[in-house]
Each structure stands twice: as C-alpha cells, then as structure tokens.
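Engineer: Everything below, folded, please.
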Amino acid sequence: MRTVLLAAAGLSALLLTGCSADQPEASAPAPASSVAGAAAPEGAAPAASAGAEAPAGPDAAAGDAALSADSEAICEQASRTSTSFGKTFAQDYQLLIEASGENAQAKQQAKQKVTRNVDNFSFALLDMSKLAAEPKLKKALAAMGAEVKALKGDLDKIDDKKLAGLHATLDKACGRS
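Structural biologist: Here you go, the predicted model:
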C-alpha cells in the first residue's frame, strides 16, 4: 500500500504540474469537439475535462475537423484534461483510502468511481489522438491513453515513471520543455 501511495502522490503531482506548467489557472473553454463532450464508455460519466459541452450532430463533426487541424488546441485540451484528471485522481485515491475502512458496498462504489474516472481519462486521450494530425502528437496521446487504459482502474498498476516519460513526450510534441 505504501508503494501505491508514493506512486499516487507522484502521479498526482505530475498531472497537476507537468503539462499545465504553461497554462493559466483558469483556462478558456475548450473548442467544440468530441473530446469535451465525448460519448464516454457505457456507464461512464463524460470525460474529465474543462470547457463547454460539445454540440451533437453536424456541429460536433465540424468542431472535430477544426480541432484536428489545430495541434495547439489539442495540446491545450490535453493539458486541461490532464490537470482535471490529476485533481480527480487525488480525490479518488483519498476516497479509496476512506472506503477501505467501511463496508463492502462502500469499497465497491469507490472502486467503480475510480475505474470510471480512469476510463474517462483514457477515452479522452485516445479520442484526442484520433483527432491529432501531427504524427508526434498523435503518437504521444495514443501511448498515454493506452497506458492509462491498461490501469483498468487498478491503482496498484500505476507506473509513475512510465507515465512521467509519456507525459514528457506529450509535452515535447506540444512544444513544451
């Protein structure tokens, strides 16, 4: 459990500071895209990201097309999504700790919430990778999304060093050092 706590602390710090270092505290709403209002996996809440809810139908497709040609906007969205997930991750980890001393139903509900939030973050990253036109950005988002998806909500599987490397690759693809 101690190893998980250290990994969780490291991952939270990475997600809260890494990609968002160049971002102001309050960011502008995200461009209309399937990322901001994506249809998340069945039974899951919308992807954790800041910004306005995306329209459905032709407007959403137009937003996706515009976003796909704008690597900077995708990087900004990835930054907001990572920052939001970092905060959510820290809260979820605390929820798991608190639920560990409660009944089986509380433990199960906490686990379901964590799994849903991890799935949403992975979905958002993978969705952004599909929209990215820049090959390095596409690859970085896909790799990070796949790594997060592999967690399947299991915090014991966190490899904070690998995620930090993927995050650094994403920052490099976004022109951040």
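
Engineer: could you pull out the helices for this structure?
Structural biologist: Assigned by DSSP state H, the helices in the chain fall at 2-17, 58-68, 71-99, 104-131, 135-151, 160-173.

Engineer: where are the low-confidence patches of the protein?
Structural biologist: Across the chain, the ranges flagged by pLDDT under 70 are 1-66, 68.

Engineer: Residue 92 and residue 113 touch, don't they?
Structural biologist: Yes: Residue 92 is in contact with residue 113 according to C-beta atoms under 8 Å; the separation is 6.2 Å. Yep, even glycine has a C-beta here, placed from its N, CA and C like the rest.

Engineer: quick one, which of the two is more surrounded?
Structural biologist: residue 92 (22 against 18; other C-beta atoms under 10 Å).

Engineer: Contacts only, for that one.
Structural biologist: Residue 92 sits next to 110, 113-114, 117 when contact means C-beta atoms under 8 Å, 6 or more residues apart in numbering.

Engineer: if you set the cut-off to 10 Å instead, what comes out?
Structural biologist: 8, 85, 110-111, 113-118, 153, 155 (C-beta atoms under 10 Å, 6 or more residues apart in numbering).
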